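Q: sequence unavailable; structure follows:
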């Protein structure tokens, strides 16, 4: 049946972020929907942000578009332009290579839930606030100058 | 700003469906979000279904994955397996070539709103209930045996 039984898909809150950057996403619980349902053209996940959690460190992708829609709760989108509240139904688009670091934070006292679409496999991403790069080729987090591990 | 000003993106309810199949989607109002925001890796649209409207004739895609999430209102997903109510936050995945014709219908007395992700350009699709094929190569709607225009 095409309708997804979300309760049957495990949530993960693991991250590859090195300390101390991992703490902010400890309350981010991700269900990977594409692999669970046989989709391969794009990646899609349902993400539950517990109160206080961030979707990620603020970042932008070199080579992959990203899109999200908030489906429940309240959140704040933060990017180079500032802070923008999101309510259910609000959408945001992040074209590849835009150089505009973004993330979504849950400053409410309830869960915020969004669906995010992107590439199946993560490529290189830049984290301007913390001088970090995710290197898609090696799968390693590096300092912004790529000279050492982050 | 990555947050999308949905009100600034025009809605369209046009369809290429031949009569009499067009009538069921007259209350389907689509905002094409990818082209409006510079995304090119996948297509994504916000769709408002007025009471009584269908998302499409029941169909499946030969070569492109499709995904949707209901963000407001209530709708019913119909496929070969039957009818499945959708509430906000519910997701559905339609892997390419699954041969399982599907659509979403709004049987409520309010708007139903969903976000749907797929290919930028529509390829060949099959409409089993009405013996019709959309031919991605020519952009024409044909009878199921491809011998004449639908």
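A: Arrived safely. All values reported here derive from a predicted model rather than from experimental measurement. Numbers count the residues shown, from 1 in each chain, chains lettered A, B, ... in the order given.
Q: hey, let's count contacts and neighbours off CA atoms from now on
A: OK.
Q: ranges for the helices of chain A?
A: Assigned by DSSP state H, the helices in chain A fall at A:33-37.
Q: chain B contacts on that one?
A: A:1-4, A:6, A:34, A:37-42, A:64-66, A:69-72, A:77, A:79, A:81, A:84, A:88-96, A:115 (CA under 8 Å from any CA of the partner chain).
Q: residue A:65 is in contact with residue A:118, correct?
A: Yes - taking contacts as CA atoms under 8 Å, residue A:118 lies within contact range of residue A:65: 5.8 Å.
Q: what subset of the residues of chain A next to chain B is buried?
A: Buried members of these, scored by 16 or more other CA atoms under 10 Å in any protein chain shown, are A:1-4, A:6, A:34, A:37, A:39-42, A:64-66, A:69-72, A:77, A:79, A:88-96, A:115.
Q: those in strands, which ones?
A: Cross-referencing these against strands under DSSP state E gives A:66, A:69, A:70, A:71, A:72, A:77, A:79, A:91, A:92, A:93, A:94, A:115.
Q: take those residues and write them to a markdown table, including distance to residue A:60 and pLDDT.
A: Listed next are those as a markdown table, based on distance: CA to CA, whole Å; pLDDT from 0 to 100:
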| residue | distance to residue A:60 | pLDDT |
| --- | --- | --- |
| A:66 | 9 | 98 |
| A:69 | 17 | 98 |
| A:70 | 19 | 98 |
| A:71 | 22 | 98 |
| A:72 | 24 | 98 |
| A:77 | 13 | 98 |
| A:79 | 10 | 98 |
| A:91 | 17 | 98 |
| A:92 | 13 | 98 |
| A:93 | 11 | 98 |
| A:94 | 8 | 98 |
| A:115 | 17 | 98 |
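Q: dump those to JSON lines, plus distance to residue B:143.
A: Shown next, in JSON lines, are those (distance: CA to CA, whole Å):
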{"residue": "A:66", "distance to residue B:143": "37"}
{"residue": "A:69", "distance to residue B:143": "37"}
{"residue": "A:70", "distance to residue B:143": "40"}
{"residue": "A:71", "distance to residue B:143": "39"}
{"residue": "A:72", "distance to residue B:143": "42"}
{"residue": "A:77", "distance to residue B:143": "47"}
{"residue": "A:79", "distance to residue B:143": "49"}
{"residue": "A:91", "distance to residue B:143": "37"}
{"residue": "A:92", "distance to residue B:143": "39"}
{"residue": "A:93", "distance to residue B:143": "38"}
{"residue": "A:94", "distance to residue B:143": "40"}
{"residue": "A:115", "distance to residue B:143": "37"}
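Q: who's in contact with the helix or strand of chain A with the lowest mean pLDDT?
A: Lowest mean confidence among the helices and strands of chain A (mean pLDDT, DSSP states H and E): strand A:140-143, at a mean of 93. Strand A:140-143 is contacted by residues A:16, A:17, A:18, A:131, A:132, A:133, A:134, A:135, A:148, A:149, A:150 when judged by CA atoms under 8 Å, 6 or more residues apart in numbering or on different chains.
Q: hmm, 10 Å instead?
A: Applying CA atoms under 10 Å, 6 or more residues apart in numbering or on different chains, the external contacts of strand A:140-143 come out as A:16-18, A:124-127, A:130-135, A:146, A:148-150.
Q: tell me how far residue A:53 lies from residue A:81.
A: Distance check for residue A:53 against residue A:81: by CA to CA, to the nearest Å, it reads 21 Å.
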